[in-house]
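J.: A predicted structure for the sequence below; I have some questions about it.
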Amino acid sequence: MSGTVDPRPVAVVSGGSRGLGLALVTDFLRRGYRVETFSRTESAELAALRESAGPDALFWSAVDGTDADAVEEFVRTAVRRHRRIDVLVNNAAVGLEGLLTLTAPAAIDAALRTNVALPVLLARACLKPMLARRDGVVINLSSINALRGQTGVAVYGAAKAALDGLTRGLAREVGPAGVRVVSVAPGYFESEMTAGISADQRRRIVRRTPLGRLGSTEDVLGVIRFLTSPAASFITGQTITVDGGYTC
């Protein structure tokens, strides 16, 4: 009926075409959310999910996350369409491995644009409708590399540590308006990023993990479900580590 307000909450997920991002999109849909997501290209899996979800549940846009104007327009379009944003998950990221002294400046710049500048810009844009409604949750996907140093991932670790700093600062800024900001720092879990590690590396990781295994996507999803639920209404400004005890 014309003029009817859709009561379903809205989640924005960056980098939702594959991996953890696709799992997040799928999970939010199952929970009754409308979902807005973007990536450079659409995967076949996301296209199939869009078709099965129906015309008013899942929306995808082709966006270059390093293009500030495109990111702003993506959020403006989402707000015009839904009149609200309830959850932002800053999931999009790119890995960068190698010794810092041997890493090209262009590669460093690209990694920092995607891993730091993009989440900052998305948070800035999505917070505006959240603050207007005095409600909302921002989840920043961090990493255990922000908490513990590791050779070859200094830039990636620095970027994720910046997200944790963003979480704490924004929690102070927007908490009085009822908006929460939390970081989730996964450890080693079964994903495209860990698919390439050797059998010896996998065994070393498992030996160092008190729970004796790599994590799963479901381990991360469960924490995000909790943090975006009323049960977590008094949690903000924190980094929740999901690593089976690897960093303890």
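T.: That came through, no problem.

J.: going forward, measure contacts and count neighbours with C-alpha atoms only.
T.: OK.

J.: give me every residue that touches the residue nearest the centre of the chain.
T.: Centroid-nearest residue in the chain: N91, 2.2 Å away (criterion: CA atoms, centre = their mean). By CA atoms under 8 Å, 6 or more residues apart in numbering, the contact list for N91 reads V13, S14, G15, G16, L20, G21, N140, L141.

J.: Just the buried ones out of the residues you listed, please.
T.: V13, S14, G15, G16, L20, G21, N140, L141 (16 or more other CA atoms under 10 Å).

J.: Would you check that the last one makes contact with V89?
T.: Yes. Shown here, L141 and V89 form a contact pair, counting by CA atoms under 8 Å, at 7.3 Å.

J.: sorry, back to before: give me the phi and psi for the residue nearest to the centre of the chain.
T.: The phi/psi pair for N91 (degrees, to the nearest 10) reads phi -100, psi -30.

J.: E36 too?
T.: Phi and psi for E36, reported as degrees, to the nearest 10, are phi -110, psi 130.

J.: Compute the number of surrounding residues for it.
T.: Counted with other CA atoms under 10 Å, the neighbours of E36 add up to 25.

J.: For beta bridges, what are the partners of it?
T.: On the basis of DSSP bridges, E36 is bridged to V12, F59.

J.: Looking at it now. What's its pLDDT?
T.: With respect to pLDDT, E36 has a value of 98.

J.: before we move on, what about the one 5 residues further on?
T.: As predicted, T41 sits at a pLDDT of 92.

J.: what about the strands in the protein?
T.: 10-14, 34-39, 58-62, 87-90, 136-141, 179-186, 239-242 (DSSP state E).

J.: Rebuild those as TSV, extending it with distance to A231.
T.: Compiled in TSV, the strands of the chain are given as follows (distance: least, CA to CA, whole Å):
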stretch	distance to A231
strand 10-14	18
strand 34-39	21
strand 58-62	26
strand 87-90	15
strand 136-141	13
strand 179-186	13
strand 239-242	15
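
J.: Which among these is found nearest to V120?
T.: Among those, strand 87-90 comes nearest to V120, with 9.0 Å by CA to CA.
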